[in-house]
Structures are given as C-alpha cells and as structure tokens.
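**Q** Test case, fold it:
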Amino acid sequence: LNKIDLPSANPELAKRQLAEIDLVPDEWDGDTMIVPVSAKKMQGLDDLMEAILLVADNKEIKANPNGQVLGTVVEAELDKTRGSMSTLLIQNGTVVVGDAILAGKAHGRIKAMFDFRGNRIQQAGPSTPIVVMGLNDVPRAGDLFRKVESEKEARAIVDEIESNQETQYVVHKATLEDLFEKLQAGEEQSLRLIVKADVQGSLEPIVNSLKELGEKTPEVSINILHQETGNITESDVMLATASDAIVVGFAVDADNAAERLAEAEGISIRLYTIIYRLIEDIEKAIKGMLEPEMIERTIGKANVLQVFTVSKFSSAAGCRVIDGEIRRNAHIRVLRDSAVVFDGDIGSLKRGKEDVREVREGFECGIALKQFHDFREGDLLECYVIEQSTF
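**A** This next block holds a predicted model:
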C-alpha cells in the first residue's frame, strides 16, 4: 500500500476493500501479503524487499537462461524521437538485440536495448529489467512477451488474436442498467460508485445526498469506494475494474488514458453538470432495482464453538462461518437440533476486538444477538436478508 504518509491515508479501509474482492490480508488469516510503504519518505521499503524475497523463496521461482524467452511488460510509452519504448522484465531465457518479440499485440525486432541505468546492452537474462526499442506499437502494462522466429510469425499471431476477439469477445459494460438486471437476478445487492467532482464544495453535497439516498433504501446499499476532486484518471478506472463499480463525475472530464482503459475494460463513466441529475439517475436506478414482494435469502451459516459472557449482552457466541458470510445488518436465526429457538437481529459482530460489517466463510467471529443470550455450543446460526421479489 503506497502513499501511507498522506494525511488521508486509510490502510485499514484499503485492506477491507481488498478483502471484498477476495484478496484477504495475511494478518486477517488470508494469503495476501500487504506491506504499507511510502516511496516518497522511504518508509517500509525494507519490509517490502523482505516480503518479496519471502514470497520468492516460498514459490521456489526458477528460470532457465537457455530456455524459451518469456516475460512481462512493466510499462511502455511512445517517445517522440525513438518511437515505442517498452520496459520488460525477463522471466525465462535470454534476450539479444535483433530478436523478434511479441508483446500483447505489439511486435518487432529489438533495435536497441538498455539496462535500468540507461546503458546500452547487447543481451540480458532472467530477472533482468530492460528497456527495448523497435516494437511497432505500445504494449499494455501486464502483457506477456515472448520471442518469435520472425516478424511475419508475430503478425500472423496478432491477426489470429484479433480475428478471435471480433467473433467471441463482447465488452461487459458495468452500467446502472446492467446493475438493475443483476439485482433482478439476485446477483447484486449493492451499488458501488467512484465519485469525482471539480471542487470540494461540490463533492461534499453529492456524497451526502448519496448517503441519504442509501439510508432511504436499505435494501440496496450504496457503497462509495472512492471520492476525490479532480478529473477522472486511469487509476479511477482501474479501481472500478477491480470492484465492478461505476464512475460518476460532476463538472469534470475523463483524461484520454482513462477513456481508453474504460473502453477496453467495459467500465461506464457518467458525467454530469447538474447535481440534481446525478442524484436523480442513481435514485431511478435504485428504484428499478427494488422489487415489489419481500422474499428471504440465506447468505451465510456459522457454528457456535464457544459461549462467553460479555458486558453489554448477557452472553455472546464465538463462531466459525462455515458457509457464505455473516452480515452485521442482516437477520439471524438460531437452530438447535434442527429447531428454530430464536429469530431476530444481530446486536454485535466482531473479529477480535474490532467491530466489523461482515465476516466471510472460514473466519471466526464473536456474535451477540438482540433479545437472546441462551447460546449453546453446537448451535447453528443462519444469517439471512429480506429482499423484494419481482412478482
């Protein structure tokens, strides 16, 4: 997690957002290592290097300098004088000046090659970052590259890829209309937004209005993942891609890189010049999501492992979630020997000493219920939500 030196830095919020897309931090019993750093103030860099070495040791990463050339595009740009300049990380084999390579859809023979200090080199082996000149286009960061026999072979491969994409690939648009369809199918229960505005004086009333709208319609939660002043950037679209969110902007524009990425990833960017229209569109979408008849949907189950006394409630249950998730704002029933002994609301949901909104399958938590404290070890807790049906 970079930029932790900023006053607005909130590492815990970032960890929760990562956990929501199944990147659970190792400190929460997950398998994703998260290292807070500040590149500007040189904080946490030693920890980052140690984490990289630890992951590398655990994975037993090996490479063959005489094997097939494979690697990853780190970044690329179009230089006005030298053309396409691509930074590559070699993961296997040895790259030599004059080799023909294919990186995503970009291809060409390497005319010149430089090391990370900018010095010209003639060849480079595994784990070496290099900058190459000679590709016909600018590849995307994250594209894989490989050595091919000739530029003719590279062009044939690219033609085949483009032909397959034209017939098979359909861009998935994350739009308000799409979200309405997902809620009707029971696939979504929240509206995730990234909000950008021209000034703070515009941003605050927009966010407050959206929160008020969410309180009026608890069946569909409005989750503002990111709010900031300024134009919509590539990083905003990247966050929307990772979280299947919608980007809304008031009195701002989307820069060219953001528009290109949004088009490639199928992300909807909605721009407004009137605050009322922005709120109205969100409200209309939510009303379309809500369904006229109430139905019950089970979202998670947990086993009671231990019963203990607490101060606020007579007792609480130490539980392990065995299916789905337990949500703080959902309903819950207690089953004992297949019989329902209580049906009501959750009073408290904790992981360790921290109050949380939800706990997912495989994690342990503490649960206290409103108006019920007669837990027993072995009880089954069934968490459910009440939704509106289409009929």
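**Q** what about the strands in the stretch 151-300 of the chain?
**A** Assigned by DSSP state E, counting those that start in this stretch, the stretch 151-300 of the chain shows strands spanning 190-197, 221-229, 246-250, 269-272, 293-308.
**Q** distance of A240 from M85?
**A** To M85, A240 is 28 Å away according to C-beta to C-beta, to the nearest Å. Any C-beta I mention is one placed from the backbone N, CA and C, and that applies to glycine too.
**Q** that older thread, pick the most buried one from the strands of the stretch 151-300 of the chain.
**A** Mean neighbours per residue, mean count of other C-beta atoms under 10 Å, is largest over these for strand 246-250, with a mean of 24.
**Q** Go through the strands of the stretch 151-300 of the chain and name the closest to A112.
**A** Evaluated with C-beta to C-beta, those place strand 269-272 nearest to A112, the distance being 37.9 Å.
**Q** hmm, back to that, could you tell me the least trusted of the strands of the stretch 151-300 of the chain?
**A** Lowest mean pLDDT of those: strand 293-308, a mean of 85.
**Q** and stretch 199-215, C-alpha only, in CSV?
**A** Extracted C-alpha coordinates of stretch 199-215, given in CSV (Å, rounded to 0.1, in the frame of the first residue of the first chain):
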residue,chain,number,x,y,z
VAL,A,199,-14.2,21.2,-6.1
GLN,A,200,-14.7,20.0,-2.5
GLY,A,201,-17.8,22.3,-2.3
SER,A,202,-19.5,20.2,-4.9
LEU,A,203,-18.1,16.8,-3.8
GLU,A,204,-19.5,17.0,-0.2
PRO,A,205,-23.1,17.6,-1.1
ILE,A,206,-23.1,14.9,-3.7
VAL,A,207,-21.6,12.3,-1.3
ASN,A,208,-24.0,13.4,1.5
SER,A,209,-27.0,13.2,-0.9
LEU,A,210,-26.0,9.7,-2.0
LYS,A,211,-25.6,8.6,1.6
GLU,A,212,-29.1,9.9,2.4
LEU,A,213,-30.4,8.1,-0.6
GLY,A,214,-28.8,4.9,0.7
GLU,A,215,-30.4,5.3,4.1
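**Q** re earlier: of A240 and M85, which one has the most company?
**A** Using other C-beta atoms under 10 Å, the more surrounded residue of A240 and M85 is A240, with 27 against 19.
**Q** on that earlier part again, which among the strands of the stretch 151-300 of the chain is found nearest to M42?
**A** Among the strands of the stretch 151-300 of the chain, if distance is taken as C-beta to C-beta, the winner is strand 221-229, at 25.4 Å.
**Q** Give me the helices and strands touching that closest one, please.
**A** Applying 3 or more C-beta pairs under 8 Å, 6 or more residues apart in numbering; DSSP states H and E, we find strand 221-229 packed against strand 190-197, helix 200-216, helix 234-243.
**Q** can you state the direction angle for the longest one and strand 221-229?
**A** Translated: helix 200-216. Counting by axes from the mean of the first three to the mean of the last three C-alpha atoms, to 10 degrees, helix 200-216 lies at 180 degrees to strand 221-229.
**Q** One more: the first one?
**A** Per the same axes, to 10 degrees, the angle that strand 190-197 makes with strand 221-229 is 20 degrees.
**Q** Also the last one?
**A** For helix 234-243 against strand 221-229, the angle between stretch directions is 170 degrees (the same axes, to 10 degrees).
**Q** for helix 234-243, which positions count as buried?
**A** 234, 236-237, 239-241, 243 (16 or more other C-beta atoms under 10 Å).
**Q** Among those residues, which one lies nearest to Q91?
**A** T241 (24.4 Å).
**Q** quick one: that closest one and I269 touch, right?
**A** No: T241 lies out of contact with I269 (C-beta atoms under 8 Å); the separation is 11.9 Å.
**Q** Quick check: closest non-adjacent residue to the residue nearest the centre of the chain.
**A** The centroid of the chain falls nearest to A242 when counting by C-alpha atoms, centre = their mean (3.3 Å). Spatially, and ignoring its direct neighbours in sequence, A242 is nearest to I21 (5.9 Å; C-beta to C-beta, 6 or more residues apart in numbering).
**Q** Ok, T273 next?
**A** Nearest to T273 is A251, by C-beta to C-beta, 6+ apart, at 6.0 Å.
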